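Q: Would you be able to build a 3D model of this:
(one chain, ligands or ions: 1)
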Amino acid sequence: MFSDTHFKDLLVWPNLLVIFVLWLASLVFYRVFLHPLANFPGPKLAAVTRYYEAYFDVIQNGQYTFKIAEMHKKYGPIVRISPYELHVIDPAFFEKLYRQEGRWNKYAWSLDAFSGKGAMICSTDHDIHKTRRQPLNSFLSKAKVASQQVLIRQNVEKLCDRITLFIDSGDTIILGAATSAFARDVATEYIIGRNYNSLDLEDFNVGMTVLLQGSGRIWRITKHITWFGPTMKSMPVDWVIKVADAGMKAFFAYLKETTKDTKELLAQATSSTPDQKHQRTIVNEIMNSNLPPVEKSFDRVFDEVVTVTGAGFETIANALRLIFYHVFSNDEILRTLRVELRSATKRSSSDEIDLKTLEQLPYLTSVIMEGLRLSPAIATRSARIAPDRELIYGRWRIPAGTPVGMTTLLMHTDEKLYPDPMCFNPERWMDFDDRKKAEKTFAPFTKGTRICIGMHLAWAEIYLVLSTLVQRFDFDFKDVSGKDFECNSDQFIIGTPSNGVLNATVTSAEIS
Ligand code: HEM
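A: Have a look, this model is predicted:
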């Protein structure tokens, strides 16, 4: 008989070590030779362990997107980038992967790291996502945004008033932070009817910009060490506000404010005497929808409030900073824009050019498209999973349930599609045939079931703020170059060397 003593003898560390090594060897053997993805090309180390990605994510500060681009050069258009995940770099595959038809899940491993499971953007399951998105579609539709353009204009005017004070004083304006403040004020006012007035603050609440620019680090660490994000999230807000640095303080103060406001909005929405003033918010849309009660809990609604507003902060601000830099540093682009806007003003019956008219201006639209090409919000791949069918790519059959991603940034900077890809050149969009052809491969808001729900708001904000600033101001930027606004790291959003900083001296526009 095998006695307890014999068993205990076996549990000595040399034996445990042997068991561990055998287990590890068989895992490596399985992943490299027997796994359903074993035949796909790619580095063997990436096939064996996700710590390969962790090295580029955590130690190399968000370099995996660029490592993936290198892998494609070596291994071809489809690559196994982890034991479980594939990446494709062929523009022809984009419309096959990001589409409306069929069921598409997202990859939980990457999204759970946001610790926001109640949010539509983090909903991995196709059906749950669809149910959550449905009540918000019309709230952010093109028509609804157009009808709310006054709200955006009021914030543009606030931004202009602040900028004008810097003309008078001759001081340097932190335009990068002011741009973020504008994006945040519009997002919260549009989505939850609350303007936190970052534009009124002396420093434009620059701490929020700094924190959000660096917050990708928490997401990247949490992907690999799953308890990290939830632990941060569970810290008592008041304690963090006391001990943290300026950025953390600003962010946690924002969370405290949105928590209070979400509770108030929920109470209003369920009250027998709702206040008309608070009718137009996503909280009302959710509470008045047919969603089941579990979808209307505070935690679920709060996740939605934080992510839908947050998705409209640094995404827009990053694109705007890049556009401002190029427009105000290039006399030819600035002059062409001013000529186009002046002739539109002449045709307009009022001083303001209507959003609809702005949308039809070819050069202004080309400038914005070029900005969104180089700053398409997200620097990481966005994997999709076909849960119920194989996907076919060339000779490859991708097993059902496999996460497959493409990276818009890599497609947007592919020199076969966009010659001299890093050059900011609005002219490339001026030929309407070329623009039409690029429709399939220009996708700053992605495509398919998960297409950005805030895209019409984003376009409207950029049209209104850019056209106004171009007509009123000249900016002179110090010690920066175009490189400072190019993506150099994956912070989930686009990470740039500028980190959101864009300082300028400003004068009134010299219109000849
Ligand atoms: C330049 C500005 C913006 C760009 C380039 C952009 C881009 C994107 C992209 C690429 C996605 C897909 C993410 C994925 O595949 O996981 C997305 C989703 C989303 N965006 Fe935006 N976005 C912008 C602005 C906004 C704004 C202003 C809002 C606020 C309403 C917003 C709200 C959202 C939401 C809620 C989702 C998730 C949609 C869903 O899962 O169905 N975005 N955005």
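
Q: The chain: strands as residue ranges?
A: 78-80, 86-88, 105-106, 173-174, 384-385, 391-393, 396-398, 404-405, 473-477, 489-491, 493-495, 503-508 (DSSP state E).

Q: Would you check how far apart the closest residue to the ligand within the chain and residue 191 are?
A: Relative to the ligand, the nearest point of the chain is residue 454 (2.1 Å; CB to the nearest ligand atom). For the C-beta atoms, the positions are set from N, CA and C on the backbone; glycine is no exception. Look at residue 454 and residue 191: by CB to CB, to the nearest Å, they are 9 Å apart.

Q: Please apply the same query to residue 388.
A: Remark: distance between residue 388 and residue 191 (CB to CB) = 34 Å.

Q: Of those two, which one has the most company?
A: A direct count of neighbours by other CB atoms under 10 Å for residue 388 and residue 191 places residue 191 higher, at 25 against 11.

Q: Looking at that one now. What's its pLDDT?
A: Confidence at residue 191, expressed as pLDDT, is 97.

Q: before we move on, what about residue 288?
A: Note on residue 288: pLDDT of 93.

Q: Residue numbers of the stretch 251-400 of the chain in contact with the ligand?
A: By CB under 6 Å from any ligand atom, the residues of the stretch 251-400 of the chain that approach the ligand are 308, 311-312, 315-316, 319, 372, 376-378, 382.

Q: Could you list which of these belong to helices?
A: Judged by DSSP state H, the subset of these located in helices is 308, 315-316, 319, 372.

Q: Please enumerate the helices of the stretch 401-512 of the chain.
A: Per DSSP state H, counting those that start in this stretch, the stretch 401-512 of the chain carries helices over the ranges 408-412, 432-437, 455-472.

Q: Quick check: buried residues in stretch 387-404?
A: 391, 393, 398, 402-404 (16 or more other CB atoms under 10 Å).

Q: Stretch 219-235 now?
A: 219-224, 228-229.

Q: would you list those in a markdown table and tack on distance to residue 249?
A: What follows is these, written out as a markdown table (distance: CB to CB, whole Å):
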| residue | distance to residue 249 |
| --- | --- |
| 219 | 20 |
| 220 | 23 |
| 221 | 21 |
| 222 | 21 |
| 223 | 26 |
| 224 | 27 |
| 228 | 20 |
| 229 | 19 |
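
Q: can the residues you listed go into a markdown table with extra columns for distance to the ligand?
A: Compiled in a markdown table, the buried residues of stretch 219-235 are given as follows (distance: CB to the nearest ligand atom, whole Å):
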| residue | distance to the ligand |
| --- | --- |
| 219 | 12 |
| 220 | 16 |
| 221 | 19 |
| 222 | 16 |
| 223 | 14 |
| 224 | 19 |
| 228 | 21 |
| 229 | 17 |
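
Q: Adding distance to residue 235 and pLDDT, write the buried residues of stretch 387-404 out as TSV.
A: As requested, these are exported to TSV (distance: CB to CB, whole Å; pLDDT from 0 to 100):
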residue	distance to residue 235	pLDDT
391	41	97
393	44	97
398	41	98
402	36	98
403	31	98
404	36	98
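
Q: of all these, which comes closest to residue 33?
A: residue 402 (17.5 Å; CB to CB).

Q: so the closest one touches residue 88, yeah?
A: No: Residue 402 is beyond contact range of residue 88, at 11.4 Å (criterion: CB atoms under 8 Å).

Q: circling back to that earlier point, least confident of the helices of the stretch 401-512 of the chain, on average?
A: Note on these: helix 432-437 shows the lowest mean pLDDT, a mean of 88.

Q: Which positions in that helix come out as buried?
A: Quick answer for helix 432-437 (16+ other CB under 10 Å): residue 435.

Q: count of residues packed around residue 89?
A: Neighbour count of residue 89, defined by other CB under 10 Å: 21.

Q: check contacts around it.
A: Listed by CB atoms under 8 Å, 6 or more residues apart in numbering, the contact set of residue 89 reads 69, 72, 77, 79, 406-407, 410-411, 414.

Q: out of those, which are buried?
A: Among those, the ones that count as buried by 16+ other CB under 10 Å are 69, 72, 77, 79, 406-407, 410-411.

Q: Show me what the longest helix along the chain is packed against.
A: In the chain, with assignment by DSSP H, the single longest helix is helix 246-270. Under the contact criterion of 3 or more CB pairs under 8 Å, 6 or more residues apart in numbering; DSSP states H and E, helix 246-270 touches helix 175-192, helix 206-214, helix 237-243, helix 282-287, helix 298-310.

Q: Which strands and helices lie in contact with the shortest one?
A: It stands for helix 282-287. Judged by 3+ CB pairs under 8 Å, 6+ apart, the packing partners of helix 282-287 are helix 175-192, helix 246-270, helix 298-310.

Q: winner for burial among the ones you listed?
A: Highest mean neighbour count among those (mean count of other CB atoms under 10 Å): helix 175-192, with a mean of 26.

Q: just to revisit the earlier point, now the buried members of the ones in helices among the residues of the stretch 251-400 of the chain next to the ligand.
A: Buried members of these, scored by 16+ other CB under 10 Å, are 308, 315-316, 319, 372.

Q: How about the residues of the stretch 101-250 of the chain by the ligand?
A: Residues of the stretch 101-250 of the chain lying near the ligand (CB under 6 Å from any ligand atom): 120-121, 133, 140, 187.

Q: In CSV: the residues of the stretch 251-400 of the chain next to the ligand, plus distance to residue 53 and pLDDT.
A: Shown next, in CSV, are these (distance: CB to CB, whole Å; pLDDT from 0 to 100):
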residue, distance to residue 53, pLDDT
308, 28, 97
311, 24, 96
312, 28, 97
315, 24, 97
316, 28, 98
319, 27, 98
372, 27, 98
376, 21, 97
377, 21, 95
378, 17, 96
382, 15, 94
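
Q: out of those, which one sits closest to residue 44?
A: Nearest member of these to residue 44, counting by CB to CB, is residue 382, at 25.6 Å.

Q: residues near the closest one, how many?
A: Per other CB under 10 Å, the neighbour tally for residue 382 reads 19.

Q: Ramachandran angles for it?
A: Dihedral angles of residue 382 (phi, psi; degrees, to the nearest 10) stand at phi -120, psi 100.

Q: shouldn't it be in contact with residue 449?
A: No: using CB under 8 Å, residue 382 is not in contact with residue 449; the gap is 11.6 Å.

Q: Near the ligand, which residues of the stretch 401-512 of the chain? Just list them.
A: Residues of the stretch 401-512 of the chain lying near the ligand by CB under 6 Å from any ligand atom: 444-446, 450, 452-454, 457-458.

Q: picking up where we left off before, who touches the longest helix of the chain?
A: Contacts for helix 246-270 (CB under 8 Å, 6+ apart): 188, 192-194, 196, 205, 207-208, 210-212, 214-215, 237-238, 240-241, 244, 274-275, 278, 281, 283-284, 287-288, 298, 301-302, 305-306, 309.

Q: Now, of those residues, which are buried?
A: 188, 192-194, 196, 205, 207-208, 210-212, 215, 240-241, 244, 278, 281, 283-284, 287, 301-302, 305-306, 309.

Q: Among the buried residues of stretch 387-404, list the two that are farthest apart in space.
A: Pairwise over those, using CB to CB, the maximum falls at 393 and 403, 13.8 Å.

Q: where does the protein dip in pLDDT?
A: Per-residue confidence for the chain (pLDDT under 70) gives these ranges: 1-5, 10-11, 243, 274-278, 512.

Q: 90 instead?
A: The chain contains residues with pLDDT under 90 at 1-20, 114-116, 211, 213-219, 226-256, 269-280, 346-352, 432-440, 478-479, 510-512.
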